[in-house]
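Visitor: only geometry, no sequence info:
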């Protein structure tokens, strides 16, 4: 996958005012309340977006009276979509990213718009996944229309082969009303002629899609920067928080503090480390994943296939992704020869013709591992003004639309799209 050519907005010390309890005077963002000029501009943008109902927009005169300045820490898909949702609702947003936007797990993942084994997850993950899966096609269409960058949501369906818990999967589908069904292996071979032999059973879900995640990131970035009241800083690492008593009023960076009315931690695998600076223990840790990429004809593989924990994902242009490993190696994301050989062996077992194909890419990323893969979404108890939207583990891309809509509902004190209780940080994080 290609990320394209992106410009970087680097943290600059001349953008920070000396009074740490004043909002930073950065281009595109006002101190304190958003100005009437910005509000008018936001209204114009909303009037453009609202007719296609990308998000459940409200007119500004029906929204909360106080317009806030929100600092979002982390520029992956969760941070970008969090910032986007808040900016479309008239909030002034400053997004800070330690490297480049979307270059960590958001870039490295396969982009399947489904948990790999959805029936193995808790109802909390299922609720977010269902909302997001139903929403992704319209999100992609609107982003493409407004930015010219197509995230390429590619609906291919997904075959699971030789599952040990196939009965559980079918029972889950019946209970949840999802279109998952048992199919004959001969039918799978008819649909996917390049599939390897030796499989004895299969199930299939027709409406599963994959999104080309680097293009999604590029499209989200363009859409976000088109909104008024938004500032993005790349190469800007956050190394702590600014406190005023029990209130979190900003974050520290190497060039000085960046202040806001609310601070959102959406820093992926780095979220636990950052929250530890407040003496809190957030069980989010890096889990390394490696993938490889082949280039084939555009019609080579018609559907996603998954067996023995490894999967093949076809892109529209013939690229085939094979993934992935699960490794606890801290923050090391160096690709390894052993993983390359293991992934190539899985690729050839799934699709024997790949033995003659060239591996054109091999990379590693760091997932934000969390207990049961249930993300943390909501305010941090004991630290007013600090919020979490992190810990999505292997499902950041698929859970992003629902997670970020739920987050915006909570911060803006609106009726939430789903019950927020399972994701609340309260009771799930402890003193370090």
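Guide: Thanks, I have the structure now. Quick caveat, the model's predicted, so the values are computed rather than measured. Numbering: from 1, shown residues only.
Visitor: Strands of the stretch 101-250 of the chain, start to end?
Guide: 154-155, 158-161, 180-183, 202-205, 209-210, 230-233, 240-244, 247-253 (DSSP state E, counting those that start in this stretch).
Visitor: which strands and helices sit next to the third one?
Guide: The one in question is strand 180-183. With contacts taken as 3 or more Cβ pairs under 8 Å, 6 or more residues apart in numbering; DSSP states H and E, strand 180-183 sits against helix 166-176, strand 202-205. Just so you know, the C-beta spots here come from the backbone N, C-alpha and C atoms, and that holds for glycine as well.
Visitor: Can you tell me what sits against stretch 239-248?
Guide: 20-21, 249-254, 257, 259, 263, 277-278, 380, 382-386 (Cβ atoms under 8 Å, 6 or more residues apart in numbering).
Visitor: try 6 Å
Guide: The contact list for stretch 239-248 (Cβ atoms under 6 Å, 6 or more residues apart in numbering) reads 249-252, 257, 263, 277, 383-386.
Visitor: what mean pLDDT does it have?
Guide: Stretch 239-248 carries an average pLDDT of 96.
Visitor: so where is the stretch 101-250 of the chain shaky, pLDDT-wise?
Guide: Within the stretch 101-250 of the chain, no range satisfies pLDDT under 70.
Visitor: Ignoring the adjacent residues along the chain, who's closest to residue 102?
Guide: In space, and not counting its chain neighbours, residue 102 is closest to residue 217: 3.1 Å by Cβ to Cβ, 6 or more residues apart in numbering.
Visitor: burial of the residue nearest to residue 285 when sequence neighbours are not counted, as a residue count?
Guide: Closest residue to residue 285 apart from its sequence neighbours, by Cβ to Cβ, 6+ apart: residue 369 at 5.0 Å. Using other Cβ atoms under 10 Å, residue 369 has 20 other residues around it.
Visitor: Ok, residue 178 next?
Guide: Residue 178 sits with 20 neighbouring residues when counted by other Cβ under 10 Å.
Visitor: check contacts around it.
Guide: With contact set as Cβ under 6 Å, 6+ apart, residue 178 has no partners.
Visitor: what's it sitting at in phi/psi?
Guide: phi -100, psi 150 (degrees, to the nearest 10).
Visitor: Next one: it from residue 74, what distance?
Guide: In this view, residue 178 and residue 74 are 31 Å apart by Cβ to Cβ, to the nearest Å.
Visitor: So which residue of this protein lies furthest out from the middle?
Guide: When each C-alpha in the chain is compared with the mean C-alpha position (Cα atoms, centre = their mean), residue 186 comes out farthest, at 35.9 Å.
Visitor: so how far is stretch 346-366 from its chain's centroid?
Guide: 24 Å (Cα atoms, centre = their mean, to the nearest Å).
Visitor: quick one: contacts of it?
Guide: 105, 108, 194, 196, 269, 286, 288-290, 292-295, 305, 310, 312, 322, 333, 335, 340.
Visitor: Okay, and which of these map to helices?
Guide: Among the contacts of stretch 346-366, the members falling in helices are 105, 108, 340 (criterion: DSSP state H).
Visitor: Check which helix or strand the residue nearest to the last one when sequence neighbours are not counted maps to.
Guide: It stands for residue 340. Spatial nearest neighbour of residue 340, chain neighbours left out: residue 362 (5.5 Å); criterion: Cβ to Cβ, 6+ apart. Element membership of residue 362, judged by DSSP states H and E, is strand 359-369.
Visitor: Relative to that strand, what are the paired strands and their orientations?
Guide: Strand 359-369 pairs in its sheet with strand 285-295 (antiparallel), by DSSP bridges.
Visitor: Could you list the buried residues of the partner strand?
Guide: Neighbour counts over strand 285-295 (16 or more other Cβ atoms under 10 Å) mark 285-294 as buried.
Visitor: Also stretch 130-142?
Guide: Per 16+ other Cβ under 10 Å, stretch 130-142 contains these buried residues: 130-133, 135-136, 139-140, 142.
Visitor: Equivalent analysis for stretch 87-102, please.
Guide: Buried, per 16+ other Cβ under 10 Å, within stretch 87-102: 87-98, 100-102.
Visitor: and these, which of them are in helices?
Guide: 87-88.
Visitor: From residue 264, how far off is residue 331?
Guide: Residue 331 sits 22 Å away from residue 264, taking Cβ to Cβ as the criterion.
Visitor: meant to ask about residue 428
Guide: 17 Å.
Visitor: Can you name the residues that contact residue 137?
Guide: Listed by Cβ under 6 Å, 6+ apart, the contact set of residue 137 reads residue 153.
Visitor: that older thread, from the ones in helices among the contacts of stretch 346-366, pick the one nearest residue 403.
Guide: Of all the ones in helices among the contacts of stretch 346-366, the one sitting nearest residue 403 is residue 105; the distance, using Cβ to Cβ, is 14.1 Å.
Visitor: which stretches of the stretch 301-432 of the chain have low pLDDT?
Guide: Scanning the stretch 301-432 of the chain with the threshold set as pLDDT under 70 gives 432.
Visitor: rewinding a little: just give the number of residues close to the residue nearest to residue 102.
Guide: By other Cβ under 10 Å, the residues close to residue 217 number 26.
Visitor: Would you check how far apart it and residue 246 are?
Guide: With the distance defined as Cβ to Cβ, residue 217 ends up 35 Å from residue 246.
Visitor: Kindly report the same for residue 257.
Guide: For residue 257, the distance to residue 246 - Cβ to Cβ - is 18 Å.
Visitor: Please apply the same query to residue 71.
Guide: From residue 71 to residue 246 the distance is 17 Å (Cβ to Cβ).
Visitor: Okay, and the beta partners of residue 306?
Guide: Counting by DSSP bridges, residue 306 forms beta bridges with residue 160, residue 311.
Visitor: can I assume the residue nearest to residue 285 is in contact with residue 393?
Guide: Yes - using Cβ atoms under 6 Å, residue 369 makes contact with residue 393 at a distance of 5.3 Å.
Visitor: Which of the three states applies to the closest residue to residue 314 other than its chain neighbours?
Guide: Spatially, and ignoring its direct neighbours in sequence, residue 314 is nearest to residue 301 (4.0 Å; Cβ to Cβ, 6+ apart). Taken by DSSP: H, G, I helix; E, B strand; the rest coil, the conformation at residue 301 corresponds to coil.
Visitor: Perfect, I'm done here.
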